[in-house]
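Trainee: Sequence first, then the predicted structure, then my questions.
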Amino acid sequence: MSPELEARRTRLLPAIKEARAGAFVTTALPNVRYLTGFTGSNGAALLTPDRAILFTDPRYQTQAPQESDCEVKIIRGPLLAGIGKWLKRLAVKTLAFEHNRVTFEEFAQLREQAKGTRLKPIIGAVETLRMVKSDDELATIRASVQLNSAALELALRQFTPAMSELDLAAEIDYRMRLLGADGVAFATIVASGARTALPHAHPSGHPISANELLLIDMGASVSGYASDMTRTYAVGKIDSKSRQMYRAVLESQLAALNTIKPGVTCAAVDRASRNVLKSYGMDKLFIHSTGHGLGLEIHERPRVGRKDMTRLEAGMAITIEPGVYQEGLGGIRIEDTVAVTASGCEVLTPTGKELVIL
């Protein structure tokens, strides 16, 4: 039995008890992986105070016992149908389920198969546990961050003006894989010129031309854990307005980083970032939150935003990524992956943040 997996499941038990449930089920694959170690594409975990059962299909009958320390049940057909039968065997009177993770079809299926069991919706029980990472998790995130930065450095060595956004994005993804990543943590963003004003631009066939901005937002997945980084470059000369925007965003990002320590709310970190941009008259050009948690998913709790009153704790992994976006001109975003420490924070991203001219 894995001590860390067992400890995670034990930490979940109070939430099950608080819901006055005899068992808890999750079908969300990141949560299944967190609680059982299973990495397959189809799985569900059923937890009671004294049992942990992993359900999957025949494709994983060899893999599941190798990866997981739980009882493994191979189900032919819908997993929730199999779980329903086990609920009857275990005489579960009330089952807690994640209502934000279960589709209506799955709920109807579970209700049909688990007649006699009351279904109790809860939200965020596992995600709350996942906010604070173990030392092993932080080490994996750090490895992901290091690989991500190395991939960017290698890809930029291949960069030449007139290369398309799509070509550069493909080069970045290739370098990640070459360095050993599972894959990308999200679709790589490469935008140039006026398209940098689109915060989540999809790479296009647009050639990256001289004398314009280039924004790259990328993340690797390493052993299931995500990294996230954004850098904005100047390709040749850029105008004074773009330089001022870059300076404002960099100061905003540094102000947010300087605010991070245990006990500080996410809203306070977001406010520190916005206050700097306000002093430049650019606060209305900042149209998203300052950051987010990351780990087994690229977006996890907490949200580093205006209204999130979650207090930071040592062991949390978050991003800090202020940006300003001027339609017709372009956008600037600077993002690091950060670990909250006992006294402040550690910026995990090694890539420099001063404006670089390519």
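Mentor: Structure received.

Trainee: can you give me phi and psi for the residue most central in space within the chain?
Mentor: What sits nearest the mean C-alpha location of the chain, by C-alpha atoms, centre = their mean, is residue 298, with 1.7 Å. Torsion angles at residue 298 (phi, psi; degrees, to the nearest 10) stand at phi -70, psi -30.

Trainee: Distance-wise, check it relative to residue 30.
Mentor: Look at residue 298 and residue 30: by C-beta to C-beta, to the nearest Å, they are 10 Å apart. Every C-beta, even on glycine, is put in place using the N, C-alpha and C of the backbone.

Trainee: Next: residue 289.
Mentor: On the measure of C-beta to C-beta, residue 289 and residue 30 end up 20 Å apart.

Trainee: neighbour-wise, which of the two wins?
Mentor: A side-by-side neighbour count of residue 289 and residue 30, using other C-beta atoms under 10 Å, places residue 289 first with 20 against 17.

Trainee: Three-state assignment for the more buried one, please.
Mentor: In three-state terms, and counting by DSSP: H, G, I helix; E, B strand; the rest coil, residue 289 is coil.

Trainee: my guess is it contacts residue 306, does it?
Mentor: Yes - Residue 289 lies in contact with residue 306 (C-beta atoms under 8 Å); the separation is 7.3 Å.

Trainee: Overlap in contacts, the two.
Mentor: Common contact partners of residue 289 and residue 306 (C-beta atoms under 8 Å, 6 or more residues apart in numbering): residue 270.

Trainee: So what touches the biggest helix by length in the chain?
Mentor: Counting residues, the longest helix found in the chain (DSSP state H) is helix 135-157. Applying C-beta under 8 Å, 6+ apart, the external contacts of helix 135-157 come out as 4, 133, 168, 171-172, 174-176, 178-181, 185, 216, 218-229, 231, 294-295, 315, 317, 337, 339, 348-351, 358.

Trainee: Just the buried residues of those residues.
Mentor: Buried members of the contacts of helix 135-157, scored by 16 or more other C-beta atoms under 10 Å, are 133, 168, 171-172, 175-176, 181, 185, 216, 218-229, 231, 294-295, 315, 317, 337, 339, 348-349.

Trainee: Of those, which belong to strands?
Mentor: Using DSSP state E, the members of the buried ones among the contacts of helix 135-157 that fall within strands are 216, 218, 220, 221, 222, 225, 226, 229, 231, 317, 337, 339.

Trainee: gap between the third one and residue 152?
Mentor: To tie it back to what came earlier, the one meant is residue 220. For residue 220, the distance to residue 152 (C-beta to C-beta) stands at 10 Å.

Trainee: All the strands of the stretch 1-150 of the chain, residue numbers only.
Mentor: For the stretch 1-150 of the chain, applying DSSP state E, counting those that start in this stretch gives strands covering 23-26, 43-48, 51-56, 71-74, 94-98, 118-122.

Trainee: Mind checking the pLDDT average for the last one?
Mentor: In this case it means strand 118-122. If you average the pLDDT over strand 118-122, you get 95.

Trainee: and it, which strands flank it?
Mentor: For strand 118-122, the pairing partners within the sheet under DSSP bridges are strand 94-98 (parallel).

Trainee: quick one: contacts for residue 28?
Mentor: For residue 28, the contact set (C-beta under 8 Å, 6+ apart) comprises 98, 101, 126.

Trainee: will you turn the ones in strands among the buried ones among the contacts of helix 135-157 into TSV that also has distance to residue 261 and pLDDT?
Mentor: Compiled in TSV, these are given as follows (distance: C-beta to C-beta, whole Å; pLDDT from 0 to 100):
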residue	distance to residue 261	pLDDT
216	29	98
218	28	98
220	27	98
221	29	98
222	27	98
225	23	98
226	23	98
229	22	98
231	25	98
317	15	98
337	17	98
339	12	98
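
Trainee: Of the residues you listed, which is the nearest to residue 256?
Mentor: residue 337 (13.3 Å; C-beta to C-beta).

Trainee: my guess is that closest one meets residue 229, correct?
Mentor: Yes - counting by C-beta under 8 Å, residue 337 does reach residue 229; the two are 6.6 Å apart.

Trainee: where do the contact lists of those two overlap?
Mentor: Counting by C-beta under 8 Å, 6+ apart, the residues touching both residue 337 and residue 229 are 145, 349.

Trainee: how much space between the closest residue to residue 46 other than its chain neighbours and residue 37?
Mentor: Excluding the flanking residues, the one nearest residue 46 by C-beta to C-beta, 6 or more residues apart in numbering is residue 53, at 4.5 Å. In this view, residue 53 and residue 37 are 13 Å apart by C-beta to C-beta.

Trainee: Next: residue 101.
Mentor: For residue 101 relative to residue 37 (C-beta to C-beta), the value is 19 Å.

Trainee: Show me the strands in the stretch 201-350 of the chain, by range?
Mentor: Here the stretch 201-350 of the chain has its strands, by DSSP E, counting those that start in this stretch, at 212-218, 220-222, 225-226, 229-235, 291-293, 300-304, 317-320, 323-326, 330-333, 336-340, 345-347.

Trainee: which other residues reach the last one?
Mentor: Residues from elsewhere that reach strand 345-347, judged by C-beta under 8 Å, 6+ apart: 257, 260, 261, 336, 337, 338, 339.

Trainee: Quickly run through the sheet partners of it, with directions.
Mentor: Strand pairing for strand 345-347, using DSSP bridges, gives strand 336-340 (antiparallel).
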